[in-house]
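**Q** give me coordinates for this.
(one chain, ligands or ions: 1)
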Amino acid sequence: MINHVDAEFYKENGYLLVKNVFSPVEVEEMKEAVERIIHKAAKSKFDSNSAWGGDYLPPEELKKLVLKGFHDVHYHEAAFTRAIVHPNMVEILSQLIGPNVQVHHSKMLVKPPERGAAFPMHQDYPYFPHEQHSMLAASIHIDNATLENGCIQVVPGSHKEGTLPHVGSYYLDHREYPISMGTPCEAEAGDVLFFNYLTIHGSDRNESDRPRRNVLVQYRDPSDPPTKNVHVNWGQGLMVCGENPVYKPYLPDQMIN
Ligand SMILES: O=C(O)CCC(=O)C(=O)O
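**A** Numbering: from 1, shown residues only. Down below sits the predicted model:
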């Protein structure tokens, strides 16, 4: 799926878009699974709007925006378990992270047509800091994503800036880091965008008449320990390839070595 030039591109730029990781049949399966989760959540007491708050948009604009964001999707639909350990994913991850790869968590991010929420620019690091920064996101595209429906935008090479101060609810000051500074990563359904958790990224509103559905999986090297006992959740710890070199019981309250 990728070669050493692609792996070098990721190392230098902090991101890599890989085309056709999933077939149209696999995408269709995930699309149906996403819709079932939305439907089931709507009937439960756990439904919510996960659109980010903050001061990056006027409050009256923010109020209108919607994001269906649910965590640990592979505990709800087997299509995502298959996607997370898909042979194409394993092949790519083992070149970007190393021979040993572990899941940290998964989530779906659905921006509905016309009122899909934006993500202000941020690094993922503050949400789940680790010692060696091996963590990366793999954003699986379920729909074609363009600037119009709020594709992900990245700042190439920004992972080399290290950890940056985030404000409020964990995003970068929008005056210094507007979404428009990003390189739009337009992609087709079935493509996967990989980016390191230090790479500055975000995405704009979906003002189109199409949804923008992505499933994002965070992966890490199992020898890269968390530095804070945060963002510990259900879906964590599954080995995707290789081995976990350290043997210890895997308990949520003992995540830090
Ligand atoms: O899917 C997107 O547009 C961005 C997601 C994101 O930045 C995140 O979940 O940290």
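**Q** for the rest of this, base every contact and every neighbour count on C-alpha atoms.
**A** Fine.
**Q** for the stretch 51-200 of the chain, what spans make up the strands?
**A** Counting by DSSP state E, counting those that start in this stretch, one finds strands in the stretch 51-200 of the chain at the ranges 68-71, 101-111, 119-122, 136-141, 152-154, 183-184, 192-196.
**Q** and the first one, how far from the chain's centre?
**A** Taking CA atoms, centre = their mean, to the nearest Å, the mean C-alpha location of strand 68-71 is offset from the chain mean by 11 Å.
**Q** how far away is the residue of the stretch 51-200 of the chain found nearest the ligand from E131?
**A** Nearest to the ligand, among the residues of the stretch 51-200 of the chain, is I152, at 4.8 Å (CA to the nearest ligand atom). As defined by CA to CA, to the nearest Å, I152 lies at a distance of 26 Å from E131.
**Q** show me what from the stretch 51-200 of the chain comes close to the ligand.
**A** If contacts are counted using CA under 6 Å from any ligand atom, the residues of the stretch 51-200 of the chain sitting beside the ligand are L109, F119, D124, I152.
**Q** can you give me the neighbour number for the closest residue to the first one other than its chain neighbours?
**A** So the one you mean is L109. For L109, the nearest residue in space outside its immediate sequence neighbours is G69; the separation is 4.7 Å by CA to CA, 6 or more residues apart in numbering. Counted with other CA atoms under 10 Å, the neighbours of G69 add up to 20.
**Q** contacting residues for G69?
**A** The neighbourhood of G69, defined by CA atoms under 8 Å, 6 or more residues apart in numbering, consists of N49, S50, K107, M108, L109, V110.
**Q** and if you look at G182?
**A** Taking CA under 8 Å, 6+ apart as the contact definition, G182 lies against Q153, V154, V155, P156, H201, G202.
**Q** do I have it right that the last one meets S180?
**A** Spelled out, it's G202. No. When contacts are counted by CA atoms under 8 Å, G202 is not listed as touching S180 (9.3 Å).
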